[in-house]
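In: Got a predicted model here, sequence first, then my questions.
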Amino acid sequence: MLYEFFRWTHIFSYLIWLCALAGSLVYGIRIYLIKSPPTIYKLIQTERLITKWGHILGAGGIIVSGWVLSTITQGPQWGWFDVQLYPWLALKQLLFVIILLLIIVDLKRSKKLARQLRSRDLDSEKLSVKKWSAAYRFSMTVYLLVVISTLLGWYKPGLTTFG
């Protein structure tokens with residue numbers, strides 16, 4: 001019962017992250033299509049908010065549920081797994097560490113960008129669109145790694161038996 005709860009929490013955390021990716025893509029496309037500056041700045045703020053909470057809830061849920069899954073005695077005993085037996089899981093863990101480091105950078109950039117947008121300085125707002133574009137591409141890199149990690153968890157390449 002406990003194992004299943006945290007297993008589904010782990011899966012749900014990835015789903016939150018993937019939904020944030022979808023939301024970020026929708027807002028990113030709208031930002032590129034719309035030419036009205038006041039609307040663009042609101043859309044930028046919303047896109048950054050979706051990305052921020054997607055990162056926080058996705059990564060946070062995965063950290064907590066992954067830690068619990070590796071320590072409880074129910075279900076598969078991943079714990080300190082043998083890298084040679086589970087190379088997909090080792091790669092998934094490595095990707096997650098990289099993702100966490102990139103999230104820290106992304107959240108700091110987004111915080112600076114939000115501060116600039118709140119200042120309502122016209123020159124600062126024009127610069128903010130360029131900064132958002134760079135931050136957006138950076139976020140898409142994080143999301144790409146999340147998708148790869150999700151696929152590794154889904155398909156478990158090289159694993160012939162489970163549980």
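Out: Cool, got the structure.
In: Let me know how buried the closest residue to residue 142 other than its chain neighbours is, in neighbour terms.
Out: Closest residue to residue 142 apart from its sequence neighbours, by C-beta to C-beta, 6 or more residues apart in numbering: residue 102 at 4.9 Å. In this view, the C-beta of every residue, glycine as well, is placed from N, C-alpha and C. The burial count assigned to residue 102 is 16, neighbours taken as other C-beta atoms under 10 Å.
In: wait, isn't residue 102 in contact with residue 145?
Out: Yes: judged on C-beta atoms under 8 Å, residue 102 makes contact with residue 145 at a distance of 7.4 Å.
In: now the residue positioned nearest the centre of the chain: how far from residue 119?
Out: Residue closest to the average C-alpha location in the chain (C-alpha atoms, centre = their mean): residue 55, at 4.2 Å. In this view, residue 55 and residue 119 are 24 Å apart by C-beta to C-beta, to the nearest Å.
In: again with residue 53
Out: For residue 53 relative to residue 119 (C-beta to C-beta), the value is 23 Å.
In: Kindly report the same for residue 63.
Out: 34 Å.
In: Kindly report the same for residue 150.
Out: Going from residue 150 to residue 119 by C-beta to C-beta gives 37 Å.
In: Just want to know which of the two has more residues nearby.
Out: residue 150 (18 against 12).
In: Do you know the pLDDT at that one?
Out: Looking at residue 150, its pLDDT stands at 88.
In: With that, I have no additional questions.
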